[in-house]
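> have a look at this prediction, sequence included:
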Amino acid sequence: MRCCVIEDLPMGVVVGLAALLGLVLGSFLNVCISRWGAEPKQSVVRPRSRCPRCGAALHARDNIPVVSWLLLRGKCRSCGLPISPMYPLIELAIAVIWGGMAWCYGPTLLAVTGAVFFTILLGIAMTDLRSYIIPDEFTLGGLVIGLALAAMKSGDALVHSVIGAVAGFVLLWLVAWLGLRIFKKEAMGGGDIKMMAMVGAFVGWHGVLLTIFLGALLGTIIFVPINLLNRDKLVPFGIFLAVGAAATWLFGTPIIDWYRAYTGL
């Protein structure tokens, strides 16, 4: 499905507009990450954007994505304390995601779907990394968005999306249940379970299986050595699932096709 309004624009313009939109959405994503990951959870509407150090409200000129951070040399205008480079880096990352999807797929529903999916995944990964929390706003909200985008494509796509969401939820719930029965402790957080329902809505049940495999593989490679040094270290598994889901979106079809050819399934 193509967007009739902008489909006749030069590709460079389409990519540029998508990247600008990504910058704005990246700025809002920063707010979501910091406030939904806070304890207690905060509204992303009020109060207005503030310095994370001194709490001073930011003026409009200090809230321009990336540009304001560079002009202020990474410091708050009010208190002069450093502001993390994470903020402009996330804004740039979302700009690259939206511009890249537009470049690969043009002004299509597929490009929007991919950009939205990757934006949600980055939000989940950063929130889980910072706070060991995967907010429902990302998972359940993303689930609704994924189903809605699938419905805009076709009825068959919606059915595929629903099956994927159910598969993602059930598989991770079973892992959590078995872990609790066998190891007598929580093996999987509720946020991870709801996250996989969201992922399934975007990549289908085949993608769910590949995402879990890739996430578990990456988590094992990275976290097992760390855990040997510090057994009390918590596992932000949402990060690994997010990377696995992103890889599945980008390379899932050829990987699954290769596996089927190799195994004869």
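On my side now, so go ahead.

> what comes up buried for the helix or strand hosting A148?
For A148, the element it lies in under DSSP states H and E is helix 136-153. Neighbour counts using 16 or more other Cβ atoms under 10 Å place 136-139, 142-143, 145-147, 149-150 of helix 136-153 among the buried residues. For the C-beta atoms, the positions are set from N, CA and C on the backbone; glycine is no exception.

> what segments of the stretch 1-150 of the chain are helices?
In the stretch 1-150 of the chain, the segments counted as helices under DSSP state H, counting those that start in this stretch are 11-36, 67-71, 86-105, 109-131, 136-153.

> helices or strands next to the last one in the packing?
If you count contacts as 3 or more Cβ pairs under 8 Å, 6 or more residues apart in numbering; DSSP states H and E, helix 136-153 packs onto helix 11-36, helix 109-131, helix 155-183, helix 190-229.

> number of nearby residues for L180?
Neighbours of L180 under the rule other Cβ atoms under 10 Å: 13.

> ugh, typo on my part, it should be W258
Applying other Cβ under 10 Å, we find 11 residues neighbouring W258.

> and it, that one's in a helix?
Yes. Counting by DSSP: H, G, I helix; E, B strand; the rest coil, W258 falls inside a helix.

> now it: how far from L121?
Using Cβ to Cβ, to the nearest Å, W258 is found at 23 Å from L121.

> state the mean pLDDT of stretch 74-93.
For stretch 74-93, mean pLDDT rounds to 91.

> stretch 152-168 too?
Average pLDDT, stretch 152-168: 96.

> shaky segments in the chain?
1-8, 183-187, 226-234, 265 (pLDDT under 70).

> domain ranges for it, per the record?
1-107, 136-265 (automatic domain parsing).

> nearest to V116, out of those?
Of all the domains of the chain, domain 136-265 sits nearest to V116, with 6.1 Å by Cβ to Cβ.

> as a markdown table, the helices of the stretch 1-150 of the chain with distance to I239 would be great.
Output for the helices of the stretch 1-150 of the chain, formatted as a markdown table (distance: least, Cβ to Cβ, whole Å):
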| stretch | distance to I239 |
| --- | --- |
| helix 11-36 | 13 |
| helix 67-71 | 24 |
| helix 86-105 | 14 |
| helix 109-131 | 5 |
| helix 136-153 | 13 |
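
> and these, which is most packed in?
When you average the neighbours per residue for each of the helices of the stretch 1-150 of the chain (mean count of other Cβ atoms under 10 Å), helix 109-131 leads with a mean of 22.

> tell me the helices and strands packed up against that one.
Here helix 109-131 touches helix 11-36, helix 86-105, helix 136-153, helix 190-229, helix 237-263, going by 3+ Cβ pairs under 8 Å, 6+ apart.

> try it again at 6 Å.
Packed against helix 109-131 by the contact rule (3 or more Cβ pairs under 6 Å, 6 or more residues apart in numbering; DSSP states H and E) you find helix 11-36, helix 86-105, helix 136-153, helix 237-263.

> that helix: how far from the chain's middle?
Offset of helix 109-131 from its chain centre (Cα atoms, centre = their mean, to the nearest Å): 2 Å.

> same question, stretch 148-158
In terms of Cα atoms, centre = their mean, the centre of stretch 148-158 is set 21 Å apart from its chain centre.
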